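>>> Everything below, folded, please.
(chains A and B)
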2 protein chains.
Amino acid sequence: MNTYAVIMAGGSGTRFWPVSRSATPKQLVRIVGDATMIQATVARLQPLIPAERVLIITTAALAAETRRQLPMLKPEHVIAEPVGRDTAACVALAALVVTRMDPQAVMIMLPADQVITPADAFQAALAVGAEQARQGGIVTFGIQPRFAATGYGYIKLARKLADQNGISVNQAERFVEKPDAATATSYVAEGSYRWNAGIFAWRCDVVLGELERHCQWLTDALAPVGAAWGTPRFAQVLDDVYQPLQKVSIDYALMEKAKDIRVVTGAFTWDDVGSWDSLYDHLPLDQAGNALRGTVVAEGCRHSLLVAESGQTVTAVGLEGITVVATRDAVLVMPKGQGQEVKKIVDRLKAEGRGNLL
Amino acid sequence: MNTYAVIMAGGSGTRFWPVSRSATPKQLVRIVGDATMIQATVARLQPLIPAERVLIITTAALAAETRRQLPMLKPEHVIAEPVGRDTAACVALAALVVTRMDPQAVMIMLPADQVITPADAFQAALAVGAEQARQGGIVTFGIQPRFAATGYGYIKLARKLADQNGISVNQAERFVEKPDAATATSYVAEGSYRWNAGIFAWRCDVVLGELERHCQWLTDALAPVGAAWGTPRFAQVLDDVYQPLQKVSIDYALMEKAKDIRVVTGAFTWDDVGSWDSLYDHLPLDQAGNALRGTVVAEGCRHSLLVAESGQTVTAVGLEGITVVATRDAVLVMPKGQGQEVKKIVDRLKAEGRGNLL
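Next up, the predicted model:
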């Protein structure tokens, strides 16, 4: 009964433009550290989950680059969804494939683009979660909120089931969507709410059973995929069954309905790094509060985020609270705190037919 | 008795970094308009001074690129000074060469990197200046001050000698160096001061005679250069006589001593565009007061100068009074008004061994 990891890596966000592009979205570029987000995600699982038990679910457009970045993975373990059909289909697909490798396997599902440190505390929490999953639980990972975030979903904890080495396990009471600021503040004050990290652990047979119970049309539709795994027909079968699927999230299909959901709260710090502004929090600051990445020459700047990629050099004089991100062919400059506005630029470039920059 | 133009184009300023580089300083790049500064300077003389009567004095390092940008010039008319020996040597060299082409020639000397419009008003002023030079005058061109500039030298006018079609000719009373702000303000209020444009007109025999009178060691030293013009020995002779020369400016060697100096004030606008800040004044502004050059996408920006060169795209959100200049390999960002600080960046890059960016 081995533990597998399945990394969900089909995202196509634009919030890290101009470093992220459609062919290399956030998970496939270096945002923090020297590795790409997905390389860091795989490395962070070692040695708990060796590379031969790591699978990636991504899109057809990203599969080749994903394999290139992860040469230690078996190429067939990078699975391309023919089309995006939301997370429930992704979970079912992963469970059907992994169950062919080991019917008793525990499967940890996690996003490819989060910043989590330190790796050993993360692995310790995963080990606790995997043990809970082995016992038959549907396990999700909660993050002690550091501030009243309105950009994350929350999990309300119920009674504590276990506590070992600072890693607690609770029954989940309920899941809540992204709250407004006042609600988020009350959650943080209340103490029994956790950020929903979007990381899960379950036995394949357990999650498939739960999905069959709550969403049988999905497991019925996908059943041929499991049968085709390891055969030359796999890609064609996957395409045939995926195209007509309805989109349903795993939260809706399963988490909001399953009974025995357990929440593991670990001792690691977690951030999904949703914008250039949040990157600022992950970089060391110089004495004037500047976060510099890449080749940067700053004179008299304060509280600025200066990022040079792809051989670019960023130079700046006298900036106060400005974000500069420069790549080989595109540069973005904006005041700090306006990270969400990148979308406007991307939309303009799209409208103006500048797809070569996206 | 033809009129020749000699363009002084050996400058190596860094104020337009990162667009200007040591191999392509300001005069050899596009700062305003679609032509490089030196191309615009040659074009602005047409048809008054056809290309076959235009000479360039530059440095050995820049001669090849200068010839490449000006294919309409005779290659031998782009003369490379072996080393910089200030403007008096440059004037004497030019006069010695042009006098070999036409002993009675009038020679207009002008910098390669000024913005002057419109061309017809400029040529009209040059024609008046050339006529004054033909009569034996040492002619300099004055600009009606538009503000109390402290970055330019001034010429105090004496009595008016002529006035035709809005172009006046005055005797010069004296030259003054860059004044402080209060002095500059008094000059502008007084009305009889002109900015010194650094543009001259004289007959070759007149200027050589004046130099011989006030600075004979220079004309003596350079005499072999005139004799060698048109022979294979020219470059070697030039090198031999130039290396040991003392540096003296034409202002010191001649303008402050000559008696019959006449000032032509034309009806053209003139700017030596000394920094990115001054470029802002030469570009059309959008409704929010932004000056954009190259491929720029700006959202919610005001009073900013956004420049994209070499295939770069600059994007910006919510900037207020910021200058962004982006090239293929280097980006500069600073508040408007700090254009003089570019030097700090260049000095840092030099100190850090990043000569590849300079």
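>>> Going by C-alpha atoms from here, please, whenever you check contacts or count neighbours.
Fine.
>>> Could you pull out the helices in chain A for me?
Using DSSP state H, the helices assigned to chain A run over residues A:37-44, A:60-69, A:86-101, A:119-134, A:181-190, A:204-214, A:216-228, A:234-242, A:250, A:276-280, A:342-351.
>>> helices and strands around the fourth one, which ones?
Helix A:119-134 is packed against helix A:37-44, strand A:106-111, strand A:138-143, strand A:193-203, strand A:261-265, with contacts defined by 3 or more C-alpha pairs under 8 Å, 6 or more residues apart in numbering or on different chains; DSSP states H and E.
>>> Would you give the sheet partners of the fourth one, along with the direction of each?
Here the strand partners of strand A:193-203, with direction, are listed using DSSP bridges: strand A:106-111 (antiparallel), strand A:138-143 (antiparallel), strand A:154-164 (antiparallel).
>>> can you list those strands in JSON lines and add mean neighbour count and mean pLDDT?
What follows is the strands paired with strand A:193-203, written out as JSON lines (neighbours: other C-alpha atoms under 10 Å in any protein chain shown; pLDDT from 0 to 100):
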{"stretch": "strand A:106-111", "mean neighbour count": "25", "mean pLDDT": "98"}
{"stretch": "strand A:138-143", "mean neighbour count": "26", "mean pLDDT": "97"}
{"stretch": "strand A:154-164", "mean neighbour count": "17", "mean pLDDT": "95"}
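>>> ok, back up a step: dump the helices of chain A into JSON lines; add mean pLDDT and distance to B:A298 as well.
Formatted as JSON lines, the helices of chain A follow (pLDDT from 0 to 100; distance: least, C-alpha to C-alpha, whole Å):
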{"stretch": "helix A:37-44", "mean pLDDT": "98", "distance to B:A298": "29"}
{"stretch": "helix A:60-69", "mean pLDDT": "97", "distance to B:A298": "30"}
{"stretch": "helix A:86-101", "mean pLDDT": "97", "distance to B:A298": "34"}
{"stretch": "helix A:119-134", "mean pLDDT": "97", "distance to B:A298": "41"}
{"stretch": "helix A:181-190", "mean pLDDT": "95", "distance to B:A298": "30"}
{"stretch": "helix A:204-214", "mean pLDDT": "96", "distance to B:A298": "48"}
{"stretch": "helix A:216-228", "mean pLDDT": "96", "distance to B:A298": "46"}
{"stretch": "helix A:234-242", "mean pLDDT": "97", "distance to B:A298": "41"}
{"stretch": "helix A:250", "mean pLDDT": "92", "distance to B:A298": "39"}
{"stretch": "helix A:276-280", "mean pLDDT": "92", "distance to B:A298": "18"}
{"stretch": "helix A:342-351", "mean pLDDT": "95", "distance to B:A298": "8"}
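>>> Would you convert these into CSV that also reports mean neighbour count?
Below are those laid out as CSV (neighbours: other C-alpha atoms under 10 Å in any protein chain shown):
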stretch, mean neighbour count
helix A:37-44, 21
helix A:60-69, 17
helix A:86-101, 22
helix A:119-134, 22
helix A:181-190, 15
helix A:204-214, 20
helix A:216-228, 18
helix A:234-242, 17
helix A:250, 18
helix A:276-280, 20
helix A:342-351, 17
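>>> which parts of chain A sit against chain B?
Contact residues (C-alpha under 8 Å from any C-alpha of the partner chain) of chain A with chain B: A:297-299, A:311-319, A:326, A:328-335, A:338, A:341-342, A:344-345, A:348-349.
>>> Now do the contacts for the residue nearest to the spatial centre of chain A.
Centroid-nearest residue in chain A: A:P111, 2.3 Å away (criterion: C-alpha atoms, centre = their mean). Counting by C-alpha atoms under 8 Å, 6 or more residues apart in numbering or on different chains, A:P111 makes contact with A:7-9, A:198-199.
>>> what do you get for A:A288?
Counting by C-alpha under 8 Å, 6+ apart, A:A288 touches A:301-303.
>>> can you rerun that using 7 Å?
By C-alpha atoms under 7 Å, 6 or more residues apart in numbering or on different chains, the residues touching A:A288 are A:302-303.
>>> what does A:L208 give?
Residues counted as contacts of A:L208 (C-alpha under 7 Å, 6+ apart) are A:92, A:95.
>>> measure it to A:C215 for me?
Distance of A:L208 to A:C215, computed by C-alpha to C-alpha, to the nearest Å: 10 Å.
>>> Settle this for me: A:D329 is touching B:Q312, isn't it.
Yes. Because the distance of 4.8 Å satisfies C-alpha atoms under 7 Å, A:D329 is recorded as touching B:Q312.
>>> neighbour count winner among those two?
B:Q312 (23 against 20; other C-alpha atoms under 10 Å in any protein chain shown).
>>> what are the ranges of the strands in the stretch 251-358 of chain A?
Taking DSSP state E, counting those that start in this stretch as the criterion, the stretch 251-358 of chain A carries its strands at A:261-265, A:269-271, A:291-293, A:295-299, A:305-308, A:313-317, A:322-326, A:330-335.
>>> Now that we have the strands paired with strand A:193-203, can you turn them into a markdown table and tack on distance to B:V98?
Converted to a markdown table, the strands paired with strand A:193-203 look like this (distance: least, C-alpha to C-alpha, whole Å):
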| stretch | distance to B:V98 |
| --- | --- |
| strand A:106-111 | 75 |
| strand A:138-143 | 81 |
| strand A:154-164 | 83 |
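>>> what's the closest of the ones you listed to B:M255?
strand A:106-111 (74.8 Å; C-alpha to C-alpha).
>>> Right, and chain B sits closest to which residue of the stretch 1-150 of chain A?
Using C-alpha to the nearest C-alpha, the closest approach of the stretch 1-150 of chain A to chain B is made by A:P18 at 9.4 Å.
>>> Chain neighbours aside, what residue packs nearest to that residue?
Among residues not flanking A:P18 along the chain, A:A330 sits closest, at 6.2 Å (C-alpha to C-alpha, 6 or more residues apart in numbering or on different chains).
>>> Quick one: closest of the strands paired with strand A:193-203 to B:A127.
strand A:106-111 (74.0 Å).
>>> Give me the pLDDT value at A:M1.
In the prediction, the pLDDT value recorded for A:M1 is 75.
>>> which of the contacts of A:P111 are buried?
Using 16 or more other C-alpha atoms under 10 Å in any protein chain shown as the burial test, those include A:7-9, A:198-199 as buried.
>>> Lowest pLDDT pick from these?
Ranked by pLDDT, the buried ones among the contacts of A:P111 bottom out at A:G198 (94).
>>> Find the nearest non-adjacent residue to that residue, please.
For A:G198, ignoring the flanking residues on the chain, the nearest one in space by C-alpha to C-alpha, 6+ apart is A:L110 at 6.5 Å.
>>> The one you found contacts A:G10, doesn't it?
No. Look at A:L110 against A:G10 with C-alpha under 7 Å: they stay out of range, at 11.8 Å.
>>> Between A:D329 and B:Q312, which contacts overlap?
By the contact definition C-alpha under 7 Å, 6+ apart, A:D329 and B:Q312 are jointly contacted by B:R328.
>>> OK, contacts around A:G274?
Listed by C-alpha under 7 Å, 6+ apart, the contact partners of A:G274 are A:R15.
>>> what's across from A:R194 in the sheet?
Under DSSP bridges, the beta-bridge partners of A:R194 are A:I155.
>>> Could I get the contacting residues of A:K343?
A:K343 makes contacts with A:14-15, as judged by C-alpha under 7 Å, 6+ apart.
>>> ugh, wrong one, I meant A:N290
A:N290 neighbours (C-alpha under 7 Å, 6+ apart): A:302-305.
>>> ok, now A:T327?
Neighbouring residues of A:T327 by C-alpha under 7 Å, 6+ apart: A:18-19, A:308-310, A:312.
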